[in-house]
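> Predicted model, plus sequence, below.
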Amino acid sequence: MHINFESFVEWDNSPFILFNNLGKIIYLNNAAEILFGYTSKKELYNIALFNAPQSFGYKTTTLSLSYDSFAFYAITVGYENEEQLSLRMYNAPRLEIASKAETKKLIATDINILLEANIALFKTKNSNKLQLLVDQDLPPFKIDQNNFSKLLRKTLNTFRSSDSIDISLKLLIGQHVIIENKKESIVQLSIKANGRYTDEDKEITSLASLGQIKCITKENAITLEIPLIK
Amino acid sequence: METFFTTSEKIQHIIKSFNLTKTLFVSSILIGEAYTGKKTLVRYLFPHTPIVSGNNQKEVTEALENYDEIIICDFEKLTNQNILDFSNKRIIATANYLGNPSIIDQLFAFIYTMPSLKERPDDVKFLRDNFIKEAQSTLMIEENDIDQKSIPLNLTSNSKSLKKSIYQHLAKHTMNIDDIQEILYKYLYTHFEGNNNYRKHLGIYEIPLIQAGLKKYGSQLQLSQALGINRNTLRKKIYEHHID
């Protein structure tokens, strides 16, 4: 009996990539496709080569990889001939959020208004130039207005002496988060600049987790992944 | 309806941010020196919102129980800040100074700083003209009697000292001889002490006389002629009164 495994691999939640001997991608599944929004083919190919078994076969290596909000705890690299090299990456479990969401208490809000108000607040103190790219068509969704405003104030404040601040607000297509057993879309607010203050990162992260928001802090950027709770 | 005049870019941003969050349940605080127009601004933006003062803790607690939207002025005077619960309410507070930064940071989503009048030269001009008009009508002074530009403006306590300096200037500069004599009479009556009072109080007359004369005539020689006293006498008096 011939079993076609391809669709099982295709819809596996962990990324799977098949390279040829020149590093070209022959096949990638859905999860890998999303991952390529955050890393490059070359980077992953090099990781595969470096962790490949010495001869034909498969080798699993435990290591910690993270690309933006994606984290992996192990990879399996394998080849059965000279032409194909496979890379399977294992999703690290997402941390269970400690605080329980009380979504019923939350008020449906246009996030663009909150963002705009916080930018006005930022401008009362700073004269830095801001580049804004937002999606005005985002539907209103449930959010703790006061806490989220605090989070925005603190986040923007880390850019108080940065140049060329880029703010973008968009819906993450194809990505979801489960909150109270419901699948919710994710809105991504990302702020980038040439650099920023990082002294308040801990507070920002904990404030974000109160609102079920995933916060990714980098040296020159902060990304908030906000569940779009309807 | 109250209006709020400003050309300050900072305040325009504050107004914009307040207007955007008017319908949201967020807490905001406006911090700045006394007499910079914080309460006027908040009243202008929220004309129908109940207003309570941090001076009265009981009043604040009651208002928090009964309303979803309140203005708390003099927030720095409130002593129970750490137990307040602002969740799902629209709170607008004003304070003369920050107080405990971590409590303020925890309570308020929007923390605005009201610029002082020194940072708002155009607003000062507007306020000056308003105070002059007000003072003219209160003190019943004819408009063309005053040189508006010569009024020294005191901004050390913002609009309070500005108003005071304008009223004082206008009151002083519209006095006639009877007023001056009356003031001197009162002053001298309360300041007579011991002997030698003639010499002690002579400076009240002589210092402004010589200062004004020197300004007008430029040289001591000319001034002595104008005063009709000897040059040496004038020199001696200048020395006695420490006039430069």
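Yep, it's here. It should be emphasised that the depicted structure is a prediction, and the values quoted were computed from it without experimental measurement. Numbers count the residues shown, from 1 in each chain, chains lettered A, B, ... in the order given.
> Does anything pack onto the strand or helix carrying residue B:93? Which helices or strands?
Secondary structure from DSSP states H and E places residue B:93 in strand B:90-95. Strand B:90-95 sits against strand B:27-31, helix B:38-45, strand B:69-73, with contacts defined as 3 or more CB pairs under 8 Å, 6 or more residues apart in numbering or on different chains; DSSP states H and E. C-beta here means a position set from N, CA and C on the backbone, and glycine is covered the same way.
> could you dump the ones you listed to TSV with distance to chain A, mean neighbour count and mean pLDDT?
Output for those, formatted as TSV (distance: least, CB to the nearest CB, whole Å; neighbours: other CB atoms under 10 Å in any protein chain shown; pLDDT from 0 to 100):
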stretch	distance to chain A	mean neighbour count	mean pLDDT
strand B:27-31	6	23	92
helix B:38-45	13	19	90
strand B:69-73	13	21	91
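> For residue A:209, find the nearest of those.
Of all those, strand B:27-31 sits nearest to residue A:209, with 20.8 Å by CB to CB.
> That closest one pairs with which strands?
When pairing is defined by DSSP bridges, strand B:27-31 lines up against strand B:90-95 (parallel), strand B:110-113 (parallel).
> What are the structural domain limits within the chain?
Since no chain was named, I'll use chain A. A:6-91, A:103-228 (automatic domain parsing).
> Chain B is the one I meant
Taken from automatic domain parsing, chain B resolves into B:9-115, B:121-173, B:177-240.
> ok, and which of those has the densest surroundings?
The highest average neighbour count among those, using mean count of other CB atoms under 10 Å in any protein chain shown, belongs to domain B:9-115 at a mean of 18.
> Report the separation between the two terminal residues of that domain.
Its first and final residues considered, domain B:9-115 spans 10 Å by CA to CA, to the nearest Å.
> tell me what the longest helix belonging to chain B is packed against?
Scanning chain B for the longest helix, with DSSP state H as the assignment, gives helix B:197-217. Identification of packing neighbours for helix B:197-217 by 3+ CB pairs under 8 Å, 6+ apart yields helix B:177-191, helix B:220-227, helix B:231-240.
> change it to 7 Å
The contact analysis (3 or more CB pairs under 7 Å, 6 or more residues apart in numbering or on different chains; DSSP states H and E) places helix B:197-217 against helix B:220-227, helix B:231-240.
> The longest one vs helix B:220-227, what angle?
Right, helix B:231-240. Angle between the axes of helix B:231-240 and helix B:220-227 is 110 degrees (criterion: axes from the mean of the first three to the mean of the last three CA atoms, to 10 degrees).
> Residues contacting helix B:231-240 from elsewhere in the structure, which ones?
With contact meaning CB atoms under 7 Å, 6 or more residues apart in numbering or on different chains, helix B:231-240 is reached by B:206, B:210, B:220, B:221, B:223, B:224, B:227.
> Could you find the residue nearest the spatial middle of chain A?
In chain A, the C-alpha nearest the mean C-alpha coordinate belongs to residue A:69, at 3.1 Å (CA atoms, centre = their mean).
> For chain A, just list every one of the helices.
A:6-10, A:30-35, A:41-50, A:111-125, A:145-157, A:201-210.
> Deepest-packed of those helices, please.
Across the helices of chain A, averaging neighbours per residue (mean count of other CB under 10 Å) puts helix A:145-157 on top, at a mean of 23.
> So that helix, near chain B or not?
Yes. Residues of helix A:145-157 contacting chain B under CB under 7 Å from any CB of the partner chain: A:145, A:146, A:149, A:150, A:153.
> Look up how far residue B:162 lies from the fourth one.
Separation of residue A:150 from residue B:162 (CB to CB, to the nearest Å): 36 Å.
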